[in-house]
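A.B. asks: from the sequence below, what's the structure:
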Amino acid sequence: MREKILFVTERRADYSKLRPVIRAVIDSGKFDYYLVVTGSHLMKRHGYTINEIKSDGFRIYKKFKMFRENETDDPSAMTAAFGRAVLSLTKIIRSLKPDIIFSGFDIGGNFAAAIIGAHMNIHVAHLEGGEITGTIDEPIRHATSKFAHIHFTSNKEATRRLVKMGEDPRHIFTVGNPSLDAIKSLKIVPRSELEKEFGIDLQKPLILVVQHTVTTEINDIDRYFLETIHAVKELDIQSIIIAGNTDAGSQKIRKIIRNSKMTHYDHLTFTKYISLLRHTSAIVGNSSSGIMEAPFLRVPSVNVGTRQEGRGKTASIINVGYDRAEIKKAIRKALSDKKFLAAVKKQKSLHGDGTAAKRIVRILEGLDLKKIPIQKKLAY
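C.D. replies: Numbering: from 1, shown residues only. Next up, the predicted model:
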């Protein structure tokens, strides 16, 4: 009898990383997968990205709403959504009785699934534990790790952190990040099609702006985001802004984007986003794609503020504060500093080589769950 693996996806950022793993699970033939869709995937203002999941051909087992379209734009909305996730996933997991809950990253829906799994004596596998970030993401990530029994990390430093946190080294596997797998398998949109659709000239520099809210800076995020907007506008370089996630304060940022009179999109498919990123002169903001995907593609990143603070940095990443002068200086460097650009071309990714999903599934195939204790204890 094949083991059942449950996946939960809440937003485009986690789906892009889970997609290669689900595909590898299907290719394995040794597991049955069950995909639960929730969060911003079901929201109009985020483009109903559940349709992207359907177009990829995945079978959706269940869906439920975490967020409400007109909910208040403050931290209480995030905790209310988390509560809905706990209640809904409890019913789903109790009925399905999966053998493994595959939990990811630092996202509320996945955290809820990990908590439920641990309470129901189901093995939880966590992807991307041991990373350091800013905002509320970091404690959610570490808390998820503490409820997980099996860990798949992106790099050796993350593995070392999990060991320091008391996780059993026998159940930690350094595999890389499957977001890079997704990049390698994409059919890239041709340059001419991108120029036509987005009204851009790829013979000229292009800036991609992706800046999420930081929940611990909720009272200042509009002021901080405006520094980025002003910096890009004052440089007078063609640019595209992509709206961020559903975290508290995101509606503030969306209002600023709409009022900026700059080219912007609430959502792009992963294929179009990566196709644009390949041709981008620099990505500016605080998205994790500036830390993982952009370095893999050897695209410069101007990392603004604290959201990605503490994550491993490659030669292509320039860290700046919430200051338009700093941001402008960094963008100029990304566009024209020959020494910097030469280093970018030579760099290697810190997050694997694009084969993480196959490694993950190979490890899952070889695991004897009976030998991995459900009862968590510190390993020291």
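
A.B. asks: okay, now the domains of the chain?
C.D. replies: Following automatic domain parsing, the chain resolves into domains at 3-177+352-371, 187-346.

A.B. asks: next one: the least confident helix or strand in the chain by mean pLDDT to chain centre, how far?
C.D. replies: The helix or strand of the chain with the poorest confidence is helix 250-259; it has a mean of 86 (mean pLDDT, DSSP states H and E). Centroid separation for helix 250-259 versus its chain: 21 Å, with CA atoms, centre = their mean, to the nearest Å.

A.B. asks: return the list of helices and strands in contact with it.
C.D. replies: helix 221-235 (3 or more CB pairs under 8 Å, 6 or more residues apart in numbering; DSSP states H and E). Quick note: C-beta positions are derived from backbone N, CA and C, even for glycine.

A.B. asks: may I see the buried residues of the helix it packs on?
C.D. replies: I221, Y224, F225, E227, T228, I229, A231, V232, L235 (16 or more other CB atoms under 10 Å).

A.B. asks: on that earlier part again, in CSV, list the domains of the chain along with distance to K377.
C.D. replies: What follows is these, written out as CSV (distance: least, CB to CB, whole Å):
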stretch, distance to K377
domain 3-177+352-371, 8
domain 187-346, 27
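
A.B. asks: could you check the angle the least confident helix or strand of the chain makes with helix 221-235?
C.D. replies: Interaxial angle of helix 250-259 relative to helix 221-235 (axes from the mean of the first three to the mean of the last three CA atoms, to 10 degrees): 30 degrees.

A.B. asks: just the pLDDT for the closest residue to D220 other than its chain neighbours.
C.D. replies: Nearest residue to D220, sequence neighbours excluded (CB to CB, 6 or more residues apart in numbering): Y322, at 8.0 Å. Note for Y322: predicted pLDDT of 96.

A.B. asks: right, and Y322 touches Y224 too?
C.D. replies: Yes. Between Y322 and Y224 there is a contact at 4.1 Å, judged by CB atoms under 8 Å.

A.B. asks: between these two, which contacts overlap?
C.D. replies: Contact criterion CB atoms under 8 Å, 6 or more residues apart in numbering; residues shared by Y322 and Y224: V304, G305.

A.B. asks: now do the strands in this protein.
C.D. replies: For the chain, the strands defined by DSSP state E cover 3-9, 31-37, 60-63, 100-104, 123-127, 150-153, 172-174, 207-210, 239-242, 264-265, 282-285, 301-304, 317-320.

A.B. asks: and the contacts of the second one?
C.D. replies: Strand 31-37 is contacted by residues 2-9, 22, 25-26, 50, 53, 58-64, 89, 92, 96, 98, 361, 364 when judged by CB under 8 Å, 6+ apart.

A.B. asks: then the first one?
C.D. replies: Applying CB under 8 Å, 6+ apart, the contact partners of strand 3-9 are 15, 18, 21-22, 25, 30-39, 41, 53, 61, 89, 92-93, 96-104, 109-110, 112-113, 364, 369.

A.B. asks: one more pass at 6 Å, please.
C.D. replies: Applying CB atoms under 6 Å, 6 or more residues apart in numbering, the contact partners of strand 3-9 are 15, 18, 31-37, 98-102, 109-110, 113.
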